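**Q** coordinates only, sequence not included:
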């Protein structure tokens with residue numbers, strides 16, 4: 001796309017700023033949108049001017065607006081985060097935020113501003129094919145973020161540009177300096193935006209008063225079914241966790257099962273984490289029609305996972321069973337399983 005009006009999500013970091021400058025260089029009219037999500041306020045669907053300046057070069061001076069979706073973020077992303085941990089699952093809030101907050105906010109604001117298309121600074125690609133748009137990996141394997149975008153529909157992909165999809169992170173850093181981007185030297189955050197110091201246990205405790213007292217002193221069950229000790233509360237543990245168990249053993253022990261209804265966690269050796277099947281629900285198929293027959297694919301069960309060959313067996317329109325050629329370690333309920341064919345995202349779902 002070399003003309004028209006693009007509305008680009010602005011985070012304040014280097015990636016979205018460079019994406020904006022690249023779109024300007026392509027000849028598009030570019031407007032920035034900063035979606036506020038952590039204010040103690042209700043949603044404000046009025047677009048307000050933002051003081052954010054992406055570049056000191058006048059050639060890249062673009063208007064930036066703010067849309068406040070803090071209440072929606074609390075009621076969807078944060079509420080889901082709490083509910084999932086209380087159910088003994090480990091959620092991925094970034095995928096839900098992309099779908100329910102970022103893209104909804106961008107597309108709503110694009111309609112208000114009369115923009116033709118939206119854009120973000122994600123390292124991914126949307127490629128038009130004869131069957132419609134497809135989500136593809138970004139070319140930089142160390143930064144590819146297509147895993148986090150599996151929830152997007154084809155309609156949303158059709159309205160989205162990913163200017164950084166063909167670039168590596170070092171190339172983006174270099175472009176930031178060339179474009180006089182103010183955030184050129186800004187460090188990347190690896191934290192979940194609403195979790196201070198990335199300590200989700202402290203967040204759950206502070207946001208759910210009385211939780212620690214309610215769930216403390218639950219039983220830790222070993223491979224023999226015996227009580228090996230007591231834990232601080234099941235929501236504070238995840239599958240595959242080794243540290244913080246507070247029990248001694250001749251071999252390393254890992255959490256391999258969580259029983260929220262009994263406030264129990266189960267532990268075992270590393271071999272106990274291996275699984276060759278899983279079931280997933282809430283399927284979204286952006287790269288292929290919803291399958292009716294089993295098919296072969298590659299799958300990841302977390303962001304930094306290695307893709308593993310598997311057989312995907314549809315159970316109904318909303319659920320699949322996945323059988324891996326080789327066992328996966330620490331399959332975790334609440335995380336996403338995402339299916340790939342080469343660099344194309346076929347779809348994904350939430351692990352049961």
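**A** Nice, thanks for sending it over. For clarity, every value in this text was computed on a predicted model and none was experimentally measured. Residues are numbered from 1 along each chain as shown.
**Q** where do the helices sit along the stretch 151-300 of the chain?
**A** 154-157, 169-178, 200-207, 211-215 (DSSP state H, counting those that start in this stretch).
**Q** please state the offset of the third one from the chain centre?
**A** Offset of helix 200-207 from its chain centre (Cα atoms, centre = their mean, to the nearest Å): 20 Å.
**Q** so which other helices or strands are in contact with it?
**A** helix 79-86, helix 211-215 (3 or more Cβ pairs under 8 Å, 6 or more residues apart in numbering; DSSP states H and E). For the C-beta atoms, the positions are set from N, CA and C on the backbone; glycine is no exception.
**Q** hmm, back to that, any chance of the helices of the stretch 151-300 of the chain in JSON lines, with mean neighbour count, mean pLDDT and distance to residue 307 too?
**A** Rendered in JSON lines, the data for the helices of the stretch 151-300 of the chain read as follows (neighbours: other Cβ atoms under 10 Å; pLDDT from 0 to 100; distance: least, Cβ to Cβ, whole Å):
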{"stretch": "helix 154-157", "mean neighbour count": "18", "mean pLDDT": "96", "distance to residue 307": "21"}
{"stretch": "helix 169-178", "mean neighbour count": "16", "mean pLDDT": "97", "distance to residue 307": "21"}
{"stretch": "helix 200-207", "mean neighbour count": "16", "mean pLDDT": "96", "distance to residue 307": "26"}
{"stretch": "helix 211-215", "mean neighbour count": "14", "mean pLDDT": "96", "distance to residue 307": "36"}
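**Q** closest to residue 55 out of the ones you listed?
**A** helix 169-178 (8.9 Å; Cβ to Cβ).
**Q** off-centre distance for the closest one?
**A** Helix 169-178 sits 24 Å away from the centroid of its parent chain (Cα atoms, centre = their mean).
**Q** could you do stretch 297-305 as well?
**A** So, by Cα atoms, centre = their mean, the centroid of stretch 297-305 is 13 Å from its chain's centroid.
**Q** that stretch spans what distance, first to last residue?
**A** Between the opening and closing residues of stretch 297-305 there is a gap of 15 Å (Cα to Cα, to the nearest Å).
**Q** then stretch 89-100?
**A** 20 Å.
**Q** same check on stretch 280-289?
**A** Using Cα to Cα, the span of stretch 280-289 from its first residue to its last is 17 Å.
**Q** try stretch 334-345
**A** Counting by Cα to Cα, you get 19 Å between the two ends of stretch 334-345.
**Q** name the residues of that stretch that are buried.
**A** Buried residues in stretch 334-345, counted by 16 or more other Cβ atoms under 10 Å: 334-340, 343-345.
**Q** want to throw these into JSON lines with secondary structure, pLDDT and distance to residue 206?
**A** As requested, the buried residues of stretch 334-345 are exported to JSON lines (DSSP: H, G, I helix; E, B strand; the rest coil; pLDDT from 0 to 100; distance: Cβ to Cβ, whole Å):
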{"residue": "334", "secondary structure": "coil", "pLDDT": "98", "distance to residue 206": "21"}
{"residue": "335", "secondary structure": "coil", "pLDDT": "98", "distance to residue 206": "24"}
{"residue": "336", "secondary structure": "strand", "pLDDT": "98", "distance to residue 206": "27"}
{"residue": "337", "secondary structure": "strand", "pLDDT": "98", "distance to residue 206": "31"}
{"residue": "338", "secondary structure": "strand", "pLDDT": "98", "distance to residue 206": "32"}
{"residue": "339", "secondary structure": "strand", "pLDDT": "98", "distance to residue 206": "37"}
{"residue": "340", "secondary structure": "strand", "pLDDT": "98", "distance to residue 206": "38"}
{"residue": "343", "secondary structure": "coil", "pLDDT": "97", "distance to residue 206": "41"}
{"residue": "344", "secondary structure": "strand", "pLDDT": "98", "distance to residue 206": "41"}
{"residue": "345", "secondary structure": "strand", "pLDDT": "98", "distance to residue 206": "36"}
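**Q** can you name the two of those residues that are farthest apart?
**A** Going by Cβ to Cβ, the pair spanning the buried residues of stretch 334-345 furthest: 334 and 343, at 26.1 Å.
**Q** residue 320 falls within a helix, correct?
**A** No - the assignment for residue 320, made by DSSP: H, G, I helix; E, B strand; the rest coil, is strand rather than a helix.
**Q** count of neighbours near it?
**A** By other Cβ atoms under 10 Å, 25 other residues sit near residue 320.
**Q** again with residue 85
**A** Residues near residue 85, counting by other Cβ under 10 Å: 25.
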